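Novice: Curious how this folds, go ahead:
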Amino acid sequence: MTTALFPGSFDPFHNGHLEVVERAIRLFDRVVVAVVRNPQKAETLFSAAEREDMINESVGYSDKVQTVSMSTLVVDVARTVGADIIVKGLRAVSDFENELQMAQMNQQLSGIDTLFIPTGSTHSFIASRLIREIARYGGDVSAFVPDPVLVRMKERFGV
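Specialist: Presented below is the predicted three-dimensional model:
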């Protein structure tokens, strides 16, 4: 049984993330989506538990997906969940440089390789920070997030 680990902050989880999860489901027996609790980032919009809930609700149709929260090294989580590979989504070439460096470091630390999954052009411009900004100013984010996330965004911002 092959297990992929898909780590990220997912604040909020959006359709680009969902696309990566759906593509990983087709490639692996199990996909673990790890919600990162990064103390170096500014205040989050949603708690780690809320983000896990939104991901579970968004991909609940598949018994191949599980979620966890993490506040440690990705490679430690990969070992804990028995991941064979780390999956990272790429939106643009600009993502590649940083992700490649992390992939190489993770491989050196653990021996676990990283598979990059590029998003389709319909999702390549979506970023969580942009979704947060649009919602804060009362904009419509319905085209960018799964329905369970949209419900929580509306509750949070009244949009």
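Novice: can you give me the strands for this protein?
Specialist: Per DSSP state E, the chain carries strands over the ranges 3-8, 30-36, 65-70, 85-90, 113-118.
Novice: Quick check: residue 8 touching residue 48?
Specialist: No. In this structure residue 8 lies outside contact range of residue 48 using Cβ atoms under 8 Å: 11.7 Å. The C-beta positions use only the backbone N, C-alpha and C, and glycine is treated the same way.
Novice: which residues are in contact with both of those two?
Specialist: Contact with both residue 8 and residue 48 is made by residues residue 35, according to Cβ atoms under 8 Å, 6 or more residues apart in numbering.
Novice: Leaving out chain neighbours, which residue sits closest to residue 50?
Specialist: Excluding its sequence neighbours, the residue lying closest to residue 50 (Cβ to Cβ, 6 or more residues apart in numbering) is residue 152, at 6.8 Å.
Novice: Surely that neighbour touches residue 13?
Specialist: No. At 9.8 Å, residue 152 does not count as touching residue 13 under the criterion of Cβ under 8 Å.
Novice: more crowded one of these two?
Specialist: Between residue 152 and residue 13, counted using other Cβ atoms under 10 Å, the more crowded position is residue 13 (31 against 19).
Novice: From residue 94, how far out is that one?
Specialist: 21 Å (Cβ to Cβ, to the nearest Å).
Novice: swap in residue 15?
Specialist: As judged by Cβ to Cβ, residue 15 and residue 94 stand 19 Å apart.
Novice: These two: which is more packed in?
Specialist: Neighbours per residue (other Cβ under 10 Å) separate residue 15 from residue 94, with residue 15 holding more: 19 against 9.
Novice: list the contacts for the residue nearest to residue 50?
Specialist: Going by Cβ under 8 Å, 6+ apart, residue 152 touches 12, 46, 50, 54.
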